[in-house]
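1. no sequence for this one, just the structure:
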């Protein structure tokens with residue numbers, strides 16, 4: 001059995017790579033436990049503090065598996081307290097340089113090994129994605145960065 005999967009903010013406004021979206025939609029069925037986060041604008045303190053106007057379209061860009069637990073969030077991190085029950089969790093989604101990054105750090109700080117599926121992550125542009133992977137490698141360790149076929 002594979003470890004749990006956390007799919008982070010694969011929403012219409014930010015998930016621009018249809019190949020990644022299709023792969024995420026397919027791979028979720030390989031996991032018994034799947035979490036899906038969705039960033040919502042309403043109630044987020046990030047918008048006024050960062051001068052970001054939020055997602056124009058908050059809808060998910062894929063159909064979550066029937067067994068997935070879908071939850072809304074207003075912060076960068078998708079980490080939930082109940083995830084402390086796992087010793088390891090696989091992560092994918094958007095944005096590598098912000099929400100995936102922050103979630104992975106929160107997992108490390110809560111004694112959960114994050115395994116970032118780099119080929120199933122993306123950002124606003126390729127440079128941000130690469131920088132996010134660089135910082136993830138530095139902060140959570142190279143062994144915790146993987147590709148979806150290699151886990």
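-> Structure received. Nothing here was measured: the structure is a model prediction, and the numbers come from that model.
2. Of all the helices and strands in the protein, which has the lowest average confidence?
-> Least confident helix or strand of the chain, by mean pLDDT, DSSP states H and E, is helix 46-50 with a mean of 75.
3. Toward the C-terminus, what is the element adjacent to that helix?
-> Note on helix 46-50: by DSSP states H and E, the next helix or strand toward the C-terminus is strand 69-73.
4. I'd like the distance from that next one to the chain centre, please.
-> From the chain centre to the centre of strand 69-73 is a distance of 12 Å (CA atoms, centre = their mean, to the nearest Å).
5. Beyond the longest strand anywhere in the chain, next helix or strand please.
-> In the chain, ranked by residue count with DSSP state E as the criterion, the top strand is strand 113-122. On the C-terminal side of strand 113-122, the nearest following helix or strand under DSSP H and E is helix 126-140.
6. Tell me the helices and strands packed up against that following helix.
-> Judged by 3 or more CB pairs under 8 Å, 6 or more residues apart in numbering; DSSP states H and E, helix 126-140 is in contact with helix 101-109, strand 113-122, strand 145-146. Yep, even glycine has a C-beta here, placed from its N, CA and C like the rest.
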